[in-house]
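Participant: here's my sequence, what's the structure:
(one chain, ligands or ions: 1)
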Amino acid sequence: MTNVPEHVDVAIIGGGMGGLTAAVALNKAGIEAHLFEQAPAFGQVGGHLTLDTAAIEVLARWGLDGHFREMAVELNGIEVRQIDTGEITAAFPLPDLGSMGVADPNRKGSRVVHAFLRADYLKWLTSLVPAGRLHLGNRLKSLQDVADGAIAEFENGKKVKANYIIGADGIRSMARNLFDPAETLVAPVSVARTMCPVSAMPADIPNDRMRFFDGWAFGDKEANHGTHVLTAPVRGGAFICIDYQLHGGDQLQDCNPWDIPAERIAARLPKETWGPVRALLDARVEVIASYPLQDRPVATKWTSDHIAIIGDAAHAMRPTLGQGACQSIHDVGQLLMDIEAHGLSTAALKAYEAVRAPYVRSIVDVAKNTKVDPKAWKKKIEEEA
Ligand SMILES: Cc1cc2nc3c(=O)[nH]c(=O)nc-3n(C[C@H](O)[C@H](O)[C@H](O)COP(=O)(O)OP(=O)(O)OC[C@H]3O[C@@H](n4cnc5c(N)ncnc54)[C@H](O)[C@@H]3O)c2cc1C
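Facilitator: Residues are numbered from 1 along each chain as shown. Reported below is the predicted structural model:
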């Protein structure tokens, strides 16, 4: 564990997608930014994620795009298959946000999206934070905005004063409670995730796209039987990440959420599941971890004089558009542009909030009302073409 300094220029709370990106970007901009993360170590968390070109272009400002593209796989669209026969029922490019209903007239059509393993990306980012500026095992307890800065106090009794603090502590953010303590809500869907080598899939099925194995139709959702299986390529296509989207995730509540027995997932698959989909489960090289989907209203306020919140802390959203991590990267991009324009100052924090809050609100609304229904997406794209 590193020594926690008493005073720093910027303290970032939370080492996830937003916080680590901010730590790298701020230090590259010559600002002494220290990151405080509750976990004692960075481990394997969260399965695959996707970033679209707009977010990768923000990473390019700090030279982070090249290596990112090497560890990710550019998706060749979405393919939908029947979960019982494997028959392809639809194949189409990933819809852009404009097509999905987000108010952005310049971005209608398909978009280029890369899939990657979240843990790989986070591990790589930690290696780019200057030595001595990453402080693990520090769980934020409280934050205070004072006349000449802000003070963070951790559960281990340590305290740090910073000129500015960035709260990037995710959907259950403590930092956000300073502005808006609205509760986190648990949705009736959970996602169980694992990973297997590409060899588990028949060789004539390329590992270059996102696949939905449509299982909702095979069960009564009310009785908690419907299951979608979603796969995505990661690690240059050498591995497949697998998501089991389970309606009624509460049926798994008696399991350790970070190590779900495979037979519990197998029992949730339709009886007539296509062989290769079952084979993915048998070939897993990762434990099956379960993530209940959660919701929290967008924070009503994102900044005070010396504190700003970013990412899920400010605007957690459903993963239906694959935008939560993308938007946390855009938050960092905007904040850095505002710091460049106004210096590291309250004015920069306020400018960041003024640009980001209204735009992200529109994305959160669309994400909330979008169902995981690839056939409906396809129909909408065709209607708008
Ligand atoms: C199933 C699923 C699929 C998704 N797919 C996509 C996708 O394809 N594309 C996409 O863009 N987004 C996706 N998302 C959303 C994305 O995961 C989040 O929006 C993104 O991780 C938010 O980043 P963050 O840094 O704000 O928070 P997080 O990544 O959650 O990081 C928060 C960090 O803060 C730490 N922390 C929490 N509390 C404290 C505390 N009190 N003190 C110190 N540290 C603390 C945590 O340990 C964690 O490391 C998905 C989400 C889910 C659930």
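Participant: ok, the residue nearest to Ala283 when sequence neighbours are not counted - contacts?
Facilitator: The shortest distance from Ala283 to any non-neighbouring residue, by CB to CB, 6 or more residues apart in numbering, is to Ala200 (3.4 Å). Every residue, glycine included, has its C-beta placed from N, CA and C. By CB atoms under 8 Å, 6 or more residues apart in numbering, the residues touching Ala200 are Ile240, Pro276, Ala279, Leu280, Asp282, Ala283.
Participant: ok, 6 Å please
Facilitator: Ala279, Leu280, Ala283 (CB atoms under 6 Å, 6 or more residues apart in numbering).
Participant: residues from the protein in reach of the ligand?
Facilitator: Contact residues, the chain versus the ligand (CB under 6 Å from any ligand atom): 13-19, 36-39, 49-50, 139-140, 168-170, 174, 191, 291, 293, 311-313, 319, 322-326, 328.
Participant: low-confidence ranges, the stretch 1-150 of the chain, go.
Facilitator: Residue ranges of the stretch 1-150 of the chain with pLDDT under 70: 1-2, 44-46, 103-110.
Participant: tell me how many other residues surround the residue in it that the ligand sits nearest to.
Facilitator: With CB to the nearest ligand atom as the measure, Gly16 is the residue of the stretch 1-150 of the chain nearest to the ligand, at 1.8 Å. Look at Gly16: counted by other CB atoms under 10 Å, it has 23 neighbours.
Participant: does the nearest residue to it once chain neighbours are set aside belong to a helix, a strand or coil?
Facilitator: In space, and not counting its chain neighbours, Gly16 is closest to Gly170: 5.7 Å by CB to CB, 6+ apart. Following DSSP: H, G, I helix; E, B strand; the rest coil, Gly170 is assigned to coil.
Participant: thought Gly170 was touching Asp312?
Facilitator: Yes: at 4.7 Å, Gly170 and Asp312 qualify as touching, with contact defined as CB atoms under 6 Å.
Participant: which stretches of the stretch 51-200 of the chain form strands?
Facilitator: 73-74, 78-82, 88-92, 113-117, 134-135, 140-146, 149-154, 159-167, 185-197 (DSSP state E, counting those that start in this stretch).
Participant: could you dump those strands into CSV with mean neighbour count added?
Facilitator: Below are these laid out as CSV (neighbours: other CB atoms under 10 Å):
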stretch, mean neighbour count
strand 73-74, 19
strand 78-82, 20
strand 88-92, 15
strand 113-117, 24
strand 134-135, 21
strand 140-146, 16
strand 149-154, 20
strand 159-167, 23
strand 185-197, 19
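Participant: quick one: which of those strands is nearest Val8?
Facilitator: strand 159-167 (5.0 Å; CB to CB).
Participant: taking strand 149-154 as reference, get the angle to the closest one.
Facilitator: 100 degrees (axes from the mean of the first three to the mean of the last three CA atoms, to 10 degrees).
Participant: contacts for strand 159-167 next, please.
Facilitator: Contacts for strand 159-167 (CB under 6 Å, 6+ apart): 4, 7-13, 22, 149-153, 173, 175, 306-310, 313.
Participant: same deal with stretch 8-25?
Facilitator: By CB under 6 Å, 6+ apart, stretch 8-25 touches 26, 31-37, 62, 122, 125, 128-129, 140, 152, 160, 162-170, 175, 310-311, 325, 328-329, 332, 336.
Participant: chain center to it: distance?
Facilitator: Once both centres are worked out by CA atoms, centre = their mean, to the nearest Å, stretch 8-25 turns out to sit 15 Å from its chain's centre.
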